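>>> sequence below, structure please.
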Amino acid sequence: MKYTKLPNTDIKVSKICLGTMTWGKQNTEAEGFEQMDYALDEGVNFFDTAELYAIPKERETQGRTEEIIGNWFKRTGNRSKVVLASKIAGPSKFNEHFIREEGFTKAAFDDAIHGSLKRLQTDYIDLYQLHWPDRTTNYFGKRDYEHENDEEWKDNIQGILQILEGYIKEGKIRSIGLSNEVPWSVMRYLEESKFNGLPKISTIQNPYNLLNRTYEIGLSEISIRENVGLLPYSPLGFGRLTDKFIENKGIEDARLVLFPEMSRYNGKQSIEATKQYYDLAKNNGLSLATLALAFVNKQPFVTSNIIGVTKMHQLKENIDSIQVELSDEVLSGINSIHNSIPNPAP
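Residues are numbered from 1 along each chain as shown. Predicted coordinates for the structure are as follows:
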């Protein structure tokens with residue numbers, strides 16, 4: 001395994017992060033335990049979860065993923081070996097859920113953090129993230145920003161950082177991050193921390209993969225110049241960037257088949273680009289998944305690549321991608337495909 005540190009901290013994390021959102025929905029507790037056991041044995045010390053999980057979200061499974069992780073901590077005593085990330089859900093009017101209605105108020109943070117700590121059976125969270133903004137903007141597959149009359153939203157970024165600073169001082173969280181965010185607010189958070197002595201965000205968790213490189217348009221420069229690392233999710237595009245769809249093998253229980261509402265990666269251009277990436281991978285002795293993950297792993301703005309699987313053979317392949325170095329010829333081929341079909345799945 002390869003390691004780095006969460007930016008602006010001394011917290012050492014593996015370059016591969018274990019995503020957990022299928023546990024409690026597609027995966028049983030026993031399967032979640034097996035994934036954590038294997039990942040830790042392979043040097044993966046960074047796990048990511050959220051109070052919202054499992055996904056797709058349902059009232060009956062909300063919080064179940066954190067419970068599974070907590071039960072594993074209790075059974076194994078491995079809490080000290082894991083860097084644990086979780087998230088507070090944003091307001092439900094932007095992404096309907098069953099937790100609470102309000103945005104990032106003190107009461108919401110109290111409810112979210114204490115609920116997560118209880119389910120996770122721990123007294124601290126290493127990285128605490130805002131799952132999505134509490135204002136109207138373009139995220140979750142929306143390509144362009146269209147300004148809406150959102151006078152009810154007032155700039156509360158300084159207040160959010162002040163609230164989070166309190167939890168850091170209490171020892172309940174160690175560092176903070178954003179998720180599903182855009183350049184404007186990332187710079188606002190950095191501005192508040194710089195000029196008001198408030199905690200600095202360490203990471204941004206956004207989608208990033210061969211079919212969606214929109215992070216490179218504005219956020220990657222911020223990551224590098226401001227030392228804020230990307231934690232890319234969906235590096236395989238909900239499984240689209242794997243051999244199985246091209247070869248039509250084992251797709252009956254794939255997420256894109258089971259949950260057709262997750263349609264971001266099902267467009268014609270995404271499918272065409274995927275075919276070209278598949279051919280490039282095979283011509284260079286690689287699986288498509290390995291090609292896709294190795295590309296993400298090498299980006300200088302990436303802190304840790306969040307993988308998520310339902311089967312153990314997928315987990316092994318994904319973790320092994322950290323050992324693969326793509327040649328200049330392969331990288332040139334990737335960029336050629338990207339230039340001809342740029343970002344078909346924003």
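
>>> what's the span of stretch 47-57 from first residue to last?
19 Å (C-alpha to C-alpha, to the nearest Å).

>>> and that stretch, which residues are buried?
47-55, 57 (16 or more other C-beta atoms under 10 Å). Backbone N, C-alpha and C define where each C-beta goes, glycine included.

>>> now do the helices in this structure.
29-41, 64-76, 106-120, 157-170, 183-196, 215-226, 243-247, 255-258, 268-283, 288-297, 312-320, 328-340 (DSSP state H).

>>> next, give phi and psi for D144.
Phi and psi for D144, reported as degrees, to the nearest 10, are phi -110, psi 150.

>>> right, and it touches N138 too?
Yes. D144 is within contact range of N138, at 6.1 Å (criterion: C-beta atoms under 8 Å).

>>> neighbour-wise, which of these two wins?
Shown here are D144 and N138; by other C-beta atoms under 10 Å, N138 has more neighbours (15 against 6).

>>> so what pLDDT did that one get?
Looking at N138, its pLDDT reads 82.

>>> mind listing what the spatially closest residue to G32 that is not a sequence neighbour touches?
Excluding the flanking residues, the one nearest G32 by C-beta to C-beta, 6 or more residues apart in numbering is W23, at 3.8 Å. For W23, the contact set (C-beta atoms under 8 Å, 6 or more residues apart in numbering) comprises 29, 31-32, 35, 53-54, 64-65, 68-69.

>>> just the closest of the residues you listed to M187, please.
Checking the contacts of W23 against M187 with C-beta to C-beta, the nearest one is Y53 at 28.8 Å.

>>> any idea how far the closest one is from G103?
With the distance defined as C-beta to C-beta, to the nearest Å, Y53 ends up 20 Å from G103.

>>> what of L241?
Plainly put, L241 is 33 Å away from G103 if you go by C-beta to C-beta.

>>> so between the two, which is more surrounded?
Between L241 and G103, counted using other C-beta under 10 Å, L241 has the larger neighbour count: 30 against 20.

>>> correct me, but that one touches N209?
Yes. Using C-beta under 8 Å, L241 is in contact with N209, at 6.2 Å.
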